[in-house]
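**Q** My questions are about this predicted structure, shown below with the sequence.
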Amino acid sequence: MPNNTSIWPKSRILNLFHIENPIIQAGMVWVSGGKLAAASANAGCLGIIGAGSMNPDLLRHHIQKAKTLTTKPFGVNIPLLYDKTKDQIEVALNEGVKIFFTSAGSPKTWTSFLKKEGCTVVHVVSTPEFAKKCEDAGVDAVVAEGFEAGGHNGRDEITTLVLLQQIKGLISIPVIAAGGIGTGSSILACLALGAEGVQIGTAFAATIESSAHENFKNAMCHARFNSTFLRMKKYVPVRLLENEFSKKIASAEDRCADKNELIEILGKGRAKEGMLNGNIEEGELEVGQIVSEIKEILSCSKLVNKLTQEYLETKKIFF
């Protein structure tokens with residue numbers, strides 16, 4: 001293992017993924033392609049390609065791109081609710097991917113198959129009950145994601161630190177904390193509560209290597225403490241950076257619009273329009289509450305160094 005592991009507490013996550021830092025770069029739609037996953041891996045973290053927005057051929061392209069940019073382990077995040085899931089899994093396996101983060105579906109569907117293929121499987125959960133089901137299904141670890149997180153969230157609105165405590169005593173497999181984590185001090189807090197690693201999305205979305213549009217990155221750098229809201233709870237809860245589109249959703253929800261009206265306002269391609277194409281006012285901008293802590297666009301390497309130094313400085317104060 002790399003020498004830098006001496007900085008961190010002993011963790012099954014470090015051994016599970018053969019990484020230097022107990023930090024997972026979240027697999028995010030339109031943001032985390034092969035370039036970001038490779039840069040995160042080279043920085044000593046686990047890089048993840050977000051396959052949710054990719055057709056199988058595009059996923060293959062990004063996996064192959066990542067392999068040209070790093071020799072370190074990286075994985076893919078595959079939501080399990082789409083009809084392209086089977087093809088995405090086949091592509092990833094054919095390209096030699098051995099680490100799968102799954103979400104938005106039952107862990108029973110693919111876990112046993114992937115384990116037979118010699119893969120490591122991690123599932124994202126938003127409730128303690130779901131975490132237990134994941135352990136019973138045979139996953140290697142769970143991501144406990146609180147509703148501070150950007151993008152799609154659980155309907156129960158459990159915060160990260162509360163969820164972490166609820167899950168920790170319920171299962172024996174490693175727990176990775178996610179949601180509202182973007183500083184070294186928040187990493188320390190999660191590890192102190194029993195997490196063996198953290199998953200970070202928003203801070204990595206704002207890095208140089210992210211495929212997010214520069215308009216989106218700059219908008220994150222100017223966000224304030226109250227710039228995000230959980231919207232579309234009647235349809236599919238999602239945390240968004242406030243803009244004209246978000247305000248339209250809020251107005252509809254204030255007048256008790258039904259699910260069909262919310263779907264009509266959302267339309268198609270809204271997330272791509274905002275995060276990839278840079279339409280800051282009418283696009284869907286998925287970010288977490290921690291976005292207000294982003295002040296500049298850093299490389300993955302500098303971000304990880306910053307997180308590590310903050311962790312060490314905070315640790316000195318309390319331990």
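**A** Received it, and whenever you're ready, just let me know what you need. Being a predicted model, the structure only gives us computed values, none of them experimental.
**Q** which one's the longest helix in this structure?
**A** helix 300-318 (DSSP state H).
**Q** For the stretch 101-250 of the chain, just list every one of the strands.
**A** Ranges of strands in the stretch 101-250 of the chain, per DSSP state E, counting those that start in this stretch, are 120-125, 141-145, 151-152, 175-178, 197-200, 228-231, 238-241.
**Q** For the second one, buried residues please.
**A** Spelled out, it's strand 141-145. For strand 141-145, burial by neighbour count (16 or more other CB atoms under 10 Å) applies to 141-145. Quick note: C-beta positions are derived from backbone N, CA and C, even for glycine.
**Q** What of stretch 195-209?
**A** So stretch 195-209, judged by 16+ other CB under 10 Å, has buried residues 195-207, 209.
**Q** okay, those residues in a markdown table with distance to residue 149 and pLDDT next?
**A** Formatted as a markdown table, those follow (distance: CB to CB, whole Å; pLDDT from 0 to 100):
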| residue | distance to residue 149 | pLDDT |
| --- | --- | --- |
| 195 | 14 | 98 |
| 196 | 18 | 98 |
| 197 | 15 | 98 |
| 198 | 12 | 98 |
| 199 | 9 | 98 |
| 200 | 10 | 98 |
| 201 | 7 | 98 |
| 202 | 8 | 98 |
| 203 | 12 | 98 |
| 204 | 13 | 98 |
| 205 | 12 | 98 |
| 206 | 15 | 98 |
| 207 | 17 | 98 |
| 209 | 21 | 98 |
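**Q** Please flag which of those sit within helices.
**A** 202-205.
**Q** Out of these, which is nearest to residue 48?
**A** For those, the closest approach to residue 48 (CB to CB) belongs to residue 204, at 9.2 Å.
**Q** tell me the phi and psi of the nearest residue to that closest one once chain neighbours are set aside?
**A** In space, and not counting its chain neighbours, residue 204 is closest to residue 25: 4.6 Å by CB to CB, 6 or more residues apart in numbering. Dihedral angles of residue 25 (phi, psi; degrees, to the nearest 10) stand at phi -80, psi 120.
**Q** what's the pLDDT at residue 25?
**A** Per-residue confidence at residue 25 stands at 98 (pLDDT).
**Q** got it, and residue 5?
**A** pLDDT, residue 5: 56.
**Q** hang on, residue 86 in a strand?
**A** No: Residue 86 is assigned helix when assessed by DSSP: H, G, I helix; E, B strand; the rest coil, not a strand.
**Q** tell me the pLDDT at it?
**A** pLDDT, residue 86: 96.
**Q** so where does residue 78 fall, helix or strand?
**A** strand 74-79 (DSSP states H and E).
**Q** partners of that strand in the sheet?
**A** Sheet pairing of strand 74-79 (DSSP bridges) gives strand 47-50 (parallel), strand 99-103 (parallel).
**Q** Next, the angle from the last one to strand 120-125.
**A** Right, the one you point to is strand 99-103. Here the directions of strand 99-103 and strand 120-125 differ by 20 degrees (axes from the mean of the first three to the mean of the last three CA atoms, to 10 degrees).
**Q** Centre of the chain to the host helix or strand of residue 91, how far?
**A** Secondary structure assignment for residue 91, by DSSP H and E: helix 85-94. Here helix 85-94 is found 20 Å from its chain centre; the criterion is CA atoms, centre = their mean, to the nearest Å.
**Q** sorry, back to before: out of the strands of the stretch 101-250 of the chain, flag the one nearest residue 166.
**A** Comparing the strands of the stretch 101-250 of the chain under CB to CB, the one sitting nearest is strand 141-145, at 8.3 Å.
**Q** Convert the closest one to CSV, retaining C-alpha atoms only.
**A** The C-alpha trace of strand 141-145 is given here as CSV (Å, rounded to 0.1, in the frame of the first residue of the first chain):
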residue,chain,number,x,y,z
ALA,A,141,-19.9,-2.1,1.4
VAL,A,142,-22.7,0.5,1.3
VAL,A,143,-22.6,4.3,0.7
ALA,A,144,-24.8,5.9,3.3
GLU,A,145,-26.0,9.0,1.5
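**Q** Direction included, what does that strand pair up with?
**A** Sheet pairing for strand 141-145, using DSSP bridges, gives strand 120-125 (parallel), strand 175-178 (parallel).
**Q** which one of the ones you listed lies closest to residue 313?
**A** strand 175-178 (19.8 Å).
**Q** Contacts made by that closest one with the rest, please.
**A** Strand 175-178 is contacted by residues 13, 24, 26, 122, 124, 131, 141-146, 149, 160, 164, 167-168, 190, 193-201 when judged by CB atoms under 8 Å, 6 or more residues apart in numbering.
**Q** repeat for stretch 94-103
**A** 17, 24, 27, 46, 48, 60, 63-64, 67, 73-80, 89, 92, 110-111, 114, 118-124, 143.
**Q** among these, which ones are buried?
**A** 17, 24, 27, 46, 48, 60, 63, 73-80, 89, 92, 110-111, 114, 119-124, 143.
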